[in-house]
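Have a look; sequence and predicted model below, questions after that.
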Amino acid sequence: MSLSAALRDRDVAQLPSRRDEDWRWTDLRALIRELPPASPEAPAPANPGPFGDLGEAEVMVVNGRVLGEAALLRLPPGLSRTLRLRILSAAAETSHGVRLSVELGEGARLTLLESHEGLAAGYLADAELDIKLAKDARLDRIVLAGDEAEAVSVNTAEVELAAGAQLAQSVLTTGAKRQRIETRVRHPGQGAHVRMDGVYLLAGRTHADLTSGVTHAGLDGTTDQLIKGVVADQARGVFQGRITVAEGADRTDARMGHHALILSDRAEIDAKPELLIFADDVACAHGNTIGALDEDAIFYARQRGVPEAQARALLTEAFVGEVIDRIKDEAVREAVRAWAAERRVG
């Protein structure tokens, strides 16, 4: 069951539902009774995306149709590139999907600046990325998900790493009516490394589901995951993270942390961090905390003349800033910080 299959076959019975344990908090079948009509073709917008002119080139997808050269997403061995990938939804009350391949040859380096931009109301969008990293390749994937508040959006990445490959992923989102951003990683061990971070900033009645799964299949692999969220009003944040260490994947080092702030009595956070370990001699840990803003810190800020609303905003910005600080490229990091500051919750 998947949104892509439902769109392909125009069959709502194929939508995922709460009967699937991994979708119990993001039930699409109960929400969508009839699939909207297919989205029409639309021209590329003139306005720049959230990453501005960073990078050497841009691939744009509008209403599920690729405008530009998708071959730019396939790098030959040894090449380095920074590329913008803009996925836009520009027709109200319609549906569309796209599937893209990202392939990095041996030793290649790609910084992928990926943005999901909602330019219309109430659309249904699906995006799938098949990502393959050859030996010693590195992908820095930074995702800014700015879906429209009444949209339904699913973004799925399937990642396969070779020995020595590196994935550094940072996802920031403001949610939608229903939104799910999922990453599945096949980890070979063998010196490969995964850093998979995320931030959700939710207000109103928005919903964001950050789901991930990493399967360590071999010796000497590392995974480091940090997710932070801030939820206000009647919004709902979901985090599901599963790290599986298969039999024989000894000397795996895998760590996962999810930490969130609830700023309203009517907001909700559902978290399910999991470690499934079938190997010996591993270093694995996970942590999960959910709480409120530190009222003492707010009091001290107000004593120093900072208005309460500004104090709360500064504290939430500092809270999620730890994730943004882990982005390696300074120019990209500052663009992400500016995007998050404009959408601060608090």
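The structure has been received and is ready for your questions.

so after the lengthiest helix in the chain, what's the next helix or strand?
Longest among the helix segments of the chain by residue count, using DSSP state H, is helix 308-324. Where DSSP states H and E defines the elements, the next helix or strand beyond helix 308-324 is helix 330-342.

Going by contacts, tell me the helices and strands next to that next one.
strand 138-146, strand 166-173, helix 308-324 (3 or more Cβ pairs under 8 Å, 6 or more residues apart in numbering; DSSP states H and E). C-beta here means a position set from N, CA and C on the backbone, and glycine is covered the same way.

Report the buried residues of the longest helix of the chain.
Neighbour counts over helix 308-324 (16 or more other Cβ atoms under 10 Å) mark 311-317, 319-320, 323-324 as buried.

same deal with stretch 256-272?
Neighbour counts over stretch 256-272 (16+ other Cβ under 10 Å) mark 256-263, 267, 269, 271-272 as buried.

of all those, which two lie farthest apart?
Comparing every pair within the buried residues of stretch 256-272 by Cβ to Cβ identifies Met256 and Leu263 as the most remote, at 23.8 Å.

then stretch 184-198 to CSV, C-alphas only?
C-alpha atoms of stretch 184-198 as CSV (Å, rounded to 0.1, in the frame of the first residue of the first chain):
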residue,chain,number,x,y,z
ARG,A,184,14.9,4.1,4.2
VAL,A,185,18.6,3.2,4.2
ARG,A,186,20.4,0.0,3.3
HIS,A,187,23.6,0.3,5.2
PRO,A,188,26.5,-2.1,4.3
GLY,A,189,28.8,-1.3,7.2
GLN,A,190,32.3,-1.4,5.8
GLY,A,191,33.2,2.1,6.9
ALA,A,192,30.0,3.7,5.5
HIS,A,193,28.5,6.5,7.6
VAL,A,194,24.9,7.9,7.9
ARG,A,195,23.9,11.2,9.6
MET,A,196,20.2,11.6,9.3
ASP,A,197,18.7,14.7,11.0
GLY,A,198,15.4,16.5,11.1
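
for that stretch, what is the average pLDDT?
For stretch 184-198, mean pLDDT is 98.

Save the buried residues of stretch 256-272 as JSON lines, and put in pLDDT too.
JSON lines is the format used below for the buried residues of stretch 256-272 (pLDDT from 0 to 100):
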{"residue": "Met256", "pLDDT": "97"}
{"residue": "Gly257", "pLDDT": "97"}
{"residue": "His258", "pLDDT": "97"}
{"residue": "His259", "pLDDT": "96"}
{"residue": "Ala260", "pLDDT": "96"}
{"residue": "Leu261", "pLDDT": "95"}
{"residue": "Ile262", "pLDDT": "94"}
{"residue": "Leu263", "pLDDT": "92"}
{"residue": "Ala267", "pLDDT": "96"}
{"residue": "Ile269", "pLDDT": "97"}
{"residue": "Ala271", "pLDDT": "96"}
{"residue": "Lys272", "pLDDT": "96"}
